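> need a structure here:
(chains A and B)
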Amino acid sequence: GENVEQHPSTLSVQEGDSAVIKCTYSDSASNYFPWYKQELGKGPQLIIDIRSNVGEKKDQRIAVTLNKTAKHFSLHITETQPEDSAVYFCAARSGYALNFGKGTSLLVTP
Amino acid sequence: EPEVTQTPSHQVTQMGQEVILRCVPISNHLYFYWYRQILGQKVEFLVSFYNNEISEKSEIFDDQFSVERPDGSNFTLKIRSTKLEDSAMYFCASCPLANYNEQFFGPGTRLTVL
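Okay, the predicted model is just below:
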């Protein structure tokens, strides 16, 4: 089955800096890669996604890149703000299931 | 904005008891899912449900688990005889027919098995 690895597990940045979270996947048949943000006590919230026929996608301060050959994809957050502090999960979809990484706890300090 | 809702937010049960976790997916969504997250671990897929039947399930989803859509709004996960290792956060998700990639998650039910 699909195996998704995510790094780093924790990330601390200063407000205004950029944050990058990286994931790798194992199943070349995976074709959809979403990123979720989870705040304390809440369910995961979809923040951006990318399909396998696209190499990069941007939405304001958030961007995702995908390298199908290397089977890795990354989340980039620019101009980080304290409200970006949360746990971020990458996932890869094969079949109906989303296979999640272990999560990255991002802390943005003022 | 429409949301997936789940009840209860926290369920405590004794080992061996049956529990039913309830979800109300977003009203026009047709694909439904259950995931679980054991404390400190990754979110794991349990089952997907479409057109009143299971479309995919993981190896975690054994005979102790079942899902049902008893009416037009609810989607339930039943654990027949709970074990200590079933303690986890259980998330329901749904997505629309038009874009079955975008799964919207509920806030979760924390299940504690004593």
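
> Okay, strands next: where are they in chain B?
B:5-7, B:10-13, B:19-24, B:29-37, B:43-50, B:53-57, B:65-68, B:75-79, B:88-96, B:104-105, B:109-113 (DSSP state E).

> So which residues of chain A form strands?
Counting by DSSP E, the strands of chain A are A:4-7, A:10-14, A:19-25, A:32-38, A:45-51, A:56-59, A:62-67, A:72-77, A:86-94, A:97-100, A:104-109.

> Of those, which is nearest chain B?
strand A:97-100 (3.8 Å; Cβ to the nearest Cβ). For every residue, glycine as well, the C-beta is placed using N, CA and C.

> How about the residues of chain A by chain B?
Neighbours of chain B within chain A, by Cβ under 8 Å from any Cβ of the partner chain: A:4, A:32, A:34, A:36, A:41-46, A:49, A:51, A:89, A:91, A:93, A:95-103.

> State the distance from the residue most central in space within chain B to B:Gln103.
Residue closest to the mean C-alpha point of chain B, counted by Cα atoms, centre = their mean, is B:Trp34 at 3.2 Å. To B:Gln103, B:Trp34 is 11 Å away according to Cβ to Cβ, to the nearest Å.

> For those two, list the residues in contact with both.
B:Ala93 (Cβ atoms under 8 Å, 6 or more residues apart in numbering or on different chains).

> ok so, going back, Serialize the strands of chain B to CSV and add fields for distance to chain A and mean pLDDT.
Shown next, in CSV, are the strands of chain B (distance: least, Cβ to the nearest Cβ, whole Å; pLDDT from 0 to 100):
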stretch, distance to chain A, mean pLDDT
strand B:5-7, 8, 96
strand B:10-13, 11, 97
strand B:19-24, 11, 97
strand B:29-37, 7, 94
strand B:43-50, 4, 94
strand B:53-57, 4, 94
strand B:65-68, 13, 96
strand B:75-79, 14, 97
strand B:88-96, 5, 95
strand B:104-105, 4, 94
strand B:109-113, 10, 97
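
> Export those to CSV and append columns for distance to A:Gly55.
Listed next are the strands of chain B as CSV, based on distance: least, Cβ to Cβ, whole Å:
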stretch, distance to A:Gly55
strand B:5-7, 36
strand B:10-13, 43
strand B:19-24, 35
strand B:29-37, 27
strand B:43-50, 26
strand B:53-57, 28
strand B:65-68, 37
strand B:75-79, 36
strand B:88-96, 24
strand B:104-105, 26
strand B:109-113, 38
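
> Figure out which of these is closest to A:Lys22.
Among the strands of chain B, the nearest to A:Lys22 by Cβ to Cβ is strand B:43-50 (18.1 Å).

> Note down every partner strand of the closest one and its orientation.
strand B:29-37 (antiparallel), strand B:53-57 (antiparallel) (DSSP bridges).
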